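Undergrad: Curious how this folds, go ahead:
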Amino acid sequence: MQFVSVRLITGDVARLAAFYEQVTGIAARRPAEQFAELVGPSCTLAIGSAETMALFGTGAAVPASNRSAILEFLVEDVDREYDRVRKLPAPPEVVQRPTTMPWGNRSLLFRDPDGNLVNLFTPVTEAARARLAVQAPVTAAPSHSS
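TA: Predicted coordinates:
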């Protein structure tokens, strides 16, 4: 079995896809108006409209109602990303400024436009880097000018 994607269901695919394009620097593929996907090196973030849920069974997922999952992105420098995301055209609601966690990750938590929790993190201790098998710095999302 291979874990390949996480899908968010939203009332506004274009808005949410644009937000994640700005945060990640990854261009979304949009094979249909009701669906977009940002394909990263380790996983795909899929974004589907509430309309698509009729294909799976009505009520299987409800847009903007998640309070239990966190979307996590490994970045090179959390503090630099914090400065960058605060300058986005529509800056996200920051839940936690960059903080070093007891398990060795430096984390920034914010909410996307639908209220989903997003964590940008960097392992900052040897133990955290070893646990995540990070041997070299990752490529951060490109800086965007405001």
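Undergrad: just checking, next helix/strand downstream of the worst-scoring helix or strand of the chain on mean pLDDT?
TA: Lowest on mean pLDDT, DSSP states H and E among the helices and strands of the chain sits helix 53-56, with a mean of 75. Of the helices and strands lying after helix 53-56 in sequence (DSSP states H and E), the nearest is strand 70-74.
Undergrad: just how off-centre is that next one within its chain?
TA: Chain-centre distance of strand 70-74: 5 Å, with C-alpha atoms, centre = their mean, to the nearest Å.
Undergrad: Let's see the least confident helix or strand of the chain as PDB, backbone CA atoms only.
TA: Provided in PDB are the C-alpha atoms of helix 53-56 (Å, rounded to 0.1, in the frame of the first residue of the first chain):
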ATOM      1  CA  MET A  53     -19.000  14.300  -3.000                       C
ATOM      2  CA  ALA A  54     -22.200  13.100  -4.800                       C
ATOM      3  CA  LEU A  55     -19.900  10.700  -6.600                       C
ATOM      4  CA  PHE A  56     -18.700   9.200  -3.300                       C
END
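Undergrad: Val95 sits in which helix or strand?
TA: strand 93-100.
Undergrad: so how far is Leu8 from Ala50?
TA: 11 Å (C-beta to C-beta, to the nearest Å). C-beta: built from backbone N, CA, C; applies to glycine.
Undergrad: which one of those two has more residues nearby?
TA: Using other C-beta atoms under 10 Å, the more surrounded residue of Ala50 and Leu8 is Leu8, with 22 against 16.
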